[in-house]
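> 3D model of this:
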Amino acid sequence: KIYKSVPTGQAPLRIVFEDQTNCNVHQRKWNFWGGQAANDTAKQVEVYYEVGGDYQVELFVYDTVANIFDSASLVLSLIPQSVRNHRANKIEFFPNPASTLATYKSDLNFANYSIYNASGALVKNGILNHHEIPVHDLPAGSYYVKLVGNQMSFIGKLQILR
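The predicted model follows:
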């Protein structure tokens with residue numbers, strides 16, 4: 001399990017990641033895409049992200065015989081500096097919870113959407129049509145919806161009910 005000091009934020013941003021594995025760890029290997037860490041084998045690492053966007057973080061934990069004991073990954077989304085004047089919390093999905101179609105209201109223009117499950121895995125993506133996102137084919141649960149536009153993105157939460 002990976003702990004991060006802040007769940008999301010605006011770039012530039014320093015984030016502390018910590019391995020919370022409860023075992024006799026022989027070695028750790030962190031992989032950061034887009035961020036820079038001073039040490040990629042420590043239990044706790046500080047990473048600096050200069051530009052907004054989505055970044056994947058992976059951790060591999062090895063036991064004393066160099067077998068992978070555990071691994072974890074997460075997707076981190078940072079809001080670019082250029083979007084700071086737009087208050088992302090003004091974008092809401094409705095109805096929420098949704099069952100067949102989710103709609104959002106915003107003065108920002110988004111072209112595409114991606115939907116991630118609670119574990120951060122991509123489950124669906126597509127092109128936006130009239131601010132509507134079809135969700136009829138998703139099982140009930142909590143999701144993160146990422147709206148992507150020209151040099152900006154927004155991530156919000158959406159519940160699906162069946």
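> who are the neighbours in contact with the closest residue to residue 115 other than its chain neighbours?
Spatial nearest neighbour of residue 115, excluding adjacent residues (C-beta to C-beta, 6 or more residues apart in numbering): residue 124 at 4.4 Å. The C-beta positions use only the backbone N, C-alpha and C, and glycine is treated the same way. Residue 124 sits next to 114, 115, 137, 138 when contact means C-beta atoms under 8 Å, 6 or more residues apart in numbering.
> Among these, which lie within strands?
By the criterion of DSSP state E, membership of the contacts of residue 124 in strands covers 114, 115.
> would JSON lines of the contacts of residue 124 with neighbour count, pLDDT and distance to residue 150 be doable?
Shown next, in JSON lines, are these (neighbours: other C-beta atoms under 10 Å; pLDDT from 0 to 100; distance: C-beta to C-beta, whole Å):
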{"residue": "114", "neighbour count": "18", "pLDDT": "90", "distance to residue 150": "16"}
{"residue": "115", "neighbour count": "20", "pLDDT": "91", "distance to residue 150": "20"}
{"residue": "137", "neighbour count": "9", "pLDDT": "97", "distance to residue 150": "28"}
{"residue": "138", "neighbour count": "20", "pLDDT": "96", "distance to residue 150": "27"}
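> So which elements touch the helix or strand residue 143 falls within?
Under the criterion of DSSP states H and E, residue 143 resides in strand 141-149. Identification of packing neighbours for strand 141-149 by 3 or more C-beta pairs under 8 Å, 6 or more residues apart in numbering; DSSP states H and E yields strand 110-117, strand 152-160.
> Just give the number of residues close to residue 23.
Neighbours of residue 23 under the rule other C-beta atoms under 10 Å: 9.
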